[in-house]
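Enquirer: Sharing a model prediction with you, sequence too.
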Amino acid sequence: MPGKQAEPLKVGVIVGREWSWPPAFINEVNLRGEGVTAEYVQLGGTRMDELVPYRVIVDRISHEVPYYRAYLKYAALQGVKVINDPFMWASDDKFFDAALATKLGVVSPKTLVLPNKDYIPGIVPNESLRNLIYPMDWGWIAEYVGVPCILKDAHGGGWRDVYVVRSIDELISQFNQSGLLTMIVQEFIEWENYARCMVLGQEEVHVMKYDPRERRYHDEHDFSPTLEKRIIEDALKLCRALGYDMNTVEFAIRDGIPYAIDFMNPAPDMDVNSLGSRHFQWMVEHMADLVIKLAKSEKTTRERYVWGSLTQKAGK
């Protein structure tokens, strides 16, 4: 009698309003015939003893839906490979990233993190904030990063709450409108060229020429082989250090030097209308390659953490 056919390995996808990449990706995985199937995750409350039916979960929206983040942490505890690691994303910020890049030997603009402008109810400034120097020395801040400079949210993305400020007065004015956000001030790089790189699985880098002023990708880039090699090496170095399997890394290129501007994009743009068909198809096919490989591997998210090794030793 023929043996029982093995159950397919399952890949789950958690998404928001995206309409182009998710169905194209799911269809690509399901048509490969690799013994791996993909589908949208369906959730309605999660028990602490609940079976997670997925070998891999691709997360595109949990940074905006806290329940999804809680579920993904639980899935990681159960041995699922989550893209991206929900624990790392929770601790990431643009100031840490800039400092990390410098430690790794990747060129990054001078960056300074500011105290918050406003605080949650219950914070009494003259009692709760005794460690803060007030008022801030704006001259010292401007001297360090230079003017013009960039003011932006340390935890933001999608070019939200990003301002080019051209005087100390303008810097103070924009900061005074930042509310509860934690802002960074960053050296302004007057770039001559610009690259946005999709990095998958900490192994593959798709280098794209990008114009942040027009928010437009070019189908081809004009980077020299030497510059492209450096961009790829720096992008891999950053994503491996941060632990991201799906991320975009952006470089502002000045005098032939790539400055790592932004590399906290773990739910990166994958929309066909912005990417164009060539880049979009690369994202679909290579994400399918990645999840199929991971589904068939022994890799997990929990192996990065002490609690992960302890639960495995306990046989849980």
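Expert: Yes, it's here.

Enquirer: low-confidence ranges in the stretch 201-316 of the chain?
Expert: Low-confidence segments of the stretch 201-316 of the chain, defined by pLDDT under 70: 316.

Enquirer: what ranges do the helices span in it?
Expert: Under the criterion DSSP state H, counting those that start in this stretch, the stretch 201-316 of the chain contains helices at 225-242, 272-275, 277-295, 306-313.

Enquirer: same deal with the stretch 1-150 of the chain?
Expert: Going by DSSP H, counting those that start in this stretch, the stretch 1-150 of the chain shows helices at 21-31, 66-77, 86-91, 94-104, 125-128, 138-145.

Enquirer: if you average pLDDT over the third one, what comes out?
Expert: It refers to helix 86-91. Model confidence over helix 86-91 averages 83 on the pLDDT scale.

Enquirer: Mind exporting the C-alpha coordinates of that helix to PDB?
Expert: Included here for helix 86-91 are C-alpha records, laid out as PDB according to Å, rounded to 0.1, in the frame of the first residue of the first chain:
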ATOM      1  CA  PRO A  86       9.000  40.400  17.000                       C
ATOM      2  CA  PHE A  87      11.300  40.800  19.900                       C
ATOM      3  CA  MET A  88      14.000  42.700  18.000                       C
ATOM      4  CA  TRP A  89      11.600  45.100  16.400                       C
ATOM      5  CA  ALA A  90      10.200  46.000  19.800                       C
ATOM      6  CA  SER A  91      13.600  47.200  21.000                       C
END
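
Enquirer: And that helix, how far out from the chain middle?
Expert: On the basis of C-alpha atoms, centre = their mean, to the nearest Å, the separation between the geometric centre of helix 86-91 and that of its chain is 10 Å.

Enquirer: Give the buried residues for it.
Expert: Judged by neighbour count (16 or more other C-beta atoms under 10 Å), helix 86-91 contains these buried residues: P86, F87, W89. In this view, the C-beta of every residue, glycine as well, is placed from N, C-alpha and C.

Enquirer: Out of those residues, the closest to I57 would be?
Expert: Looking at the buried residues of helix 86-91 and their distance to I57, the nearest is P86, at 9.5 Å (C-beta to C-beta).

Enquirer: Could you measure from the spatially most central residue of the chain over to L132?
Expert: With distances taken as C-alpha atoms, centre = their mean, the residue of the chain nearest its centroid is P266 (2.2 Å). Distance of P266 to L132, computed by C-beta to C-beta, to the nearest Å: 31 Å.

Enquirer: do I172 as well
Expert: If you measure I172 against L132 using C-beta to C-beta, the figure is 16 Å.

Enquirer: just K103 next, same as before
Expert: For K103, the distance to L132 (C-beta to C-beta) stands at 26 Å.

Enquirer: Could you tell me the end-to-end distance of stretch 189-203?
Expert: Distance between the two ends of stretch 189-203: 28 Å, counting by C-alpha to C-alpha, to the nearest Å.

Enquirer: isn't V205 right up against A235?
Expert: Yes. The pair V205 / A235 is scored as a contact, 5.1 Å apart, by C-beta atoms under 8 Å.

Enquirer: V58 contacts E18, doesn't it?
Expert: No. V58 lies out of contact with E18 (C-beta under 8 Å); the separation is 11.2 Å.

Enquirer: So these two - more neighbours on which side?
Expert: Counting neighbours by other C-beta atoms under 10 Å for V58 and for E18 shows that V58 has the greater number, 27 against 16.

Enquirer: mind listing what the residue nearest to the centre of the chain touches?
Expert: Contact analysis of P266 by C-beta atoms under 8 Å, 6 or more residues apart in numbering lists H63, N84, W89, D92, Y244, M246, N247.

Enquirer: Could you chop the protein up by domain?
Expert: With domains defined by automatic domain parsing, the chain comprises 9-90+299-313, 110-187, 191-293.

Enquirer: Tell me which of those lies nearest to A98.
Expert: Closest among the domains of the chain, using C-beta to C-beta: domain 110-187, at 3.9 Å.

Enquirer: Could I get the average pLDDT for the closest one?
Expert: Taken as a whole, domain 110-187 has an average pLDDT of 94.

Enquirer: Start and end of that domain, how far apart?
Expert: Across domain 110-187, the straight-line distance between its terminal residues is 5 Å, by C-alpha to C-alpha.
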